[in-house]
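In: predicted model and sequence follow; I will ask about them next.
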Amino acid sequence: MSQAPDPYRYFRLEAREILEGLTKGALALEKGAPVGETASRLLRLAHTLKGAARVVRQNEIAELAHAAEDALGPLRSPGATASREQVDAVLGLVDAIGLRVQALTPAAGNVPPAAGEPPAVVHAVRHDVLDLDALLDGITEAAVQLRALRQTAGMAERARDLGDRIAGPLTPAGSRNGHEALALPSRSRAAAEELRGLLGRLEGGLGAGLEALGREIRQVREAAERLRLVPAALLAGPLERTARDTANAVGREVAFTATTGDVRVDAHVLSTVQGALIQLVRNAVVHGIEPAPERRRAGKPPAGHVVVEALRRGSRVVFRCRDDGRGVDLEAVRRAAQAKGLLAGGEAALDAAELLRLLLRGGLTTAGTLTEVSGRGVGLDVVREGASQLGGEVAVETHAGEGTTVELQVPVSLSSLEALVVEDAGRFAGIPLDAVRRAVRVQADEVVRGAHGAALVHDGRTVPFAPLARILGRREASPSKGPRTAVIVGSGDRLAGIGVDRLHGTASLLVQAVPALAPVEPVVTGTCLDADGNPQLVLDPVELVAAAHGTDAQARSPDAARKAPVLVVDDSLTTRMLEQTILESAGFDVDLAVSGEEALDKASRRSFGLFLVDVEMPGMDGFTFVERTRSDPALRDVPSILVTSRSSPEDRKRGEEVGARAYVVKSEFDQAALLETIRKLAR
């Protein structure tokens, strides 16, 4: 079912841009920008917003914009000055409008910013990225369909070969390969030549067209991925508001600077980072920046300086928040930890680095009193949890009397990932390249087995070793007597060797979420499609290392291990991945096909114990596929199960007539019943 059109989509885009301009202008007034010129510009913005709101019949927003005009009007008078109260009034109206604009977002569970928090510009942008996500999903499915078309195009080549064999003996030029040309009328010979020419042009044109279409799909996907990244500069306004409002609340003088350059990151990443950086800026003002008299006594300017920077480092972005305040009171951290019972007797002498790591664990506060902006011991929890959600890292550096720097390192994108593509036991997977330390060849006798499992020596230290197939719960191939590849994967200061059959180089993967109903191993963080439309797993390096350290993968079902692989045939990526995961979790080997034509091709080259087939597919449907296999002497004994959304008695009867051994309706899907049926039927 298609979604209803969004009547406020373009209004929200315009309103956000205007609100950002109003915020920047109001803050500029407070910092001494020309009052008359700036106020006139802000009045034009407020007037534009008022008119746009009335067009979409958002009268409450229109009235708030009119109130902003009233607040700005006196500032156009010659010699007028902007007081803090006037700036506060304008910013308060901007916040109120922002909340109402955010409420127009058609998203289930959309939560507006908390009271007193700057409008979450990045959260709003993140929602619009959902349109790009839908586009990327469509592009991915188009790539799958293109692969099926390429296989269909192979029939044109076979048709041309057949045309050559037919037309060859009909040509008049003597003999062909020792055979005399058939004596047929010239009209027949001309028709044969025309047929051969048409088939040749059909093959060439179809092949060239498919290649061009493939290039276009790749280019559109790359463009959509780039559009999905938003400028980190969007953070500047909300963070400057945070610094200003916090400074006013605690009586500090603060100058704020944001330096983001042209750094762009995934909107999902930026929205999470925004919350962490807001907390860091608050911490810097409340805990770091000293009152003006104290700063003067220390020889510092009365206004403290808080700087937020964004720097690109390969596939990751570093957000750095630093201040020139008093620095972290490490002794206060030690006392707070002791008061909470976090320090054992021997830990009282922790050094600065260890105390800072303790502070990052959360739950500690060095503030003497509780206020609305500090002293609750949860500030750094927000930062730590944000980094954890993104697979990032947090580091703190502090110097007494000079200031503190907190560095938050996160991936540029959660959907586009540079990865090392590996293969083990026929399964392809991507390991994030940032986590790969090295790939080495190890001999069989270099892998030793002890009380805690297999291990190998890497750079003078012993690291756990586990084949990827075992971690994924799959049956391993026969142990090799020769060398095999071990990918050394790091997570923090932990390493693990992951055994694979071969490396397939690096690739930029477009990561999709695992289908909600798919029961996958914790090590699987997402899925993607390769250039040919084959599904691949994307692995979480933290879970991968943990699995190698702490788990000896579950043994496969002995009954399933003895059975031939199951071929899943379905043009839907979600259904293929769901069925594959269910079967592999039960211990079956699984192969995949996106069309009936591809399935027949695979079945001609490999033995299968069962076919799990969708009915409605482009080209050959499931009924026809079962008919073809039942009429093939080599495949007639391989049972087929039809899985479809078609539930009519006529369709069920046709499934029986073509020879399907079971008929499963998707709306009545029962995982346990399906597995029981497969166990009974699979050879």
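Out: That came through fine.

In: helix/strand/coil for V265?
Out: strand (DSSP: H, G, I helix; E, B strand; the rest coil).

In: for it, give me its contacts.
Out: 229-230, 232, 273, 317, 410, 412-413 (C-beta atoms under 8 Å, 6 or more residues apart in numbering). Where you see a C-beta, it was placed from the backbone N, CA and C, and this is true even at glycine.

In: please repeat the previous calculation with a cut-off of 10 Å.
Out: 122, 228-232, 234-235, 271, 273, 310, 312, 316-317, 319, 410-414 (C-beta atoms under 10 Å, 6 or more residues apart in numbering).

In: from those, keep the buried residues only.
Out: Burial by neighbour count, judged by 16 or more other C-beta atoms under 10 Å, picks out 122, 228-232, 234-235, 271, 273, 310, 316-317, 319, 410-414 from the contacts of V265.

In: quick one: which of those residues sit in strands?
Out: In this view, these that belong to strands under DSSP state E are 229-231, 310, 316-317, 319, 410-411.

In: my guess is T485 contacts V422. True?
Out: Yes: taking C-beta atoms under 10 Å as the definition, T485 is a contact partner of V422 at 7.9 Å.

In: who's more crowded, the two?
Out: V422 (25 against 18; other C-beta atoms under 10 Å).

In: dihedrals phi and psi, the more buried one?
Out: Torsion angles at V422 (phi, psi; degrees, to the nearest 10) stand at phi -130, psi 160.

In: so who does the nearest residue to R322 once chain neighbours are set aside touch?
Out: In this structure, R322 finds its nearest non-sequential neighbour in T405, 4.0 Å apart by C-beta to C-beta, 6 or more residues apart in numbering. Taking C-beta under 10 Å, 6+ apart as the criterion, T405 is in contact with 284, 307, 309, 320-323, 395-399.

In: how far does stretch 664-672 sit from its chain's centre?
Out: Mean-position distance between stretch 664-672 and its chain equals 29 Å (C-alpha atoms, centre = their mean, to the nearest Å).

In: and the host helix or strand of I61, what's buried?
Out: Using DSSP states H and E, I61 sits within helix 59-72. Using 16+ other C-beta under 10 Å as the test for burial, helix 59-72 gives 61-62, 64-69, 71-72.

In: likewise for stretch 310-326?
Out: 310-311, 315-326.

In: before we move on, the earlier item: which one of the ones in strands among the buried ones among the contacts of V265 is nearest to G490?
Out: R316 (14.2 Å; C-beta to C-beta).

In: could you measure from the closest one over to A310?
Out: 11 Å (C-beta to C-beta, to the nearest Å).

In: what do you get for A599?
Out: 49 Å.

In: just S271 next, same as before
Out: 15 Å.

In: kindly report the same for A454.
Out: Counting by C-beta to C-beta - A454 and A310 are separated by 42 Å.

In: tell me the pLDDT at L130?
Out: Here, the pLDDT recorded for L130 equals 57.

In: repeat for A233
Out: pLDDT, read off for A233, is 87.

In: over to G362?
Out: Taking G362 on its own, its pLDDT is 60.

In: likewise A400?
Out: Taking A400 on its own, its pLDDT is 89.

In: can you check V643 too?
Out: 86.

In: could I get the contacts of T405 as a markdown table with secondary structure and distance to P464?
Out: Output for these, formatted as a markdown table (DSSP: H, G, I helix; E, B strand; the rest coil; distance: C-beta to C-beta, whole Å):
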| residue | secondary structure | distance to P464 |
| --- | --- | --- |
| A284 | helix | 41 |
| V307 | strand | 42 |
| E309 | strand | 38 |
| R320 | strand | 34 |
| C321 | strand | 37 |
| R322 | strand | 38 |
| D323 | strand | 42 |
| A395 | strand | 26 |
| V396 | strand | 30 |
| E397 | strand | 32 |
| T398 | strand | 35 |
| H399 | strand | 39 |
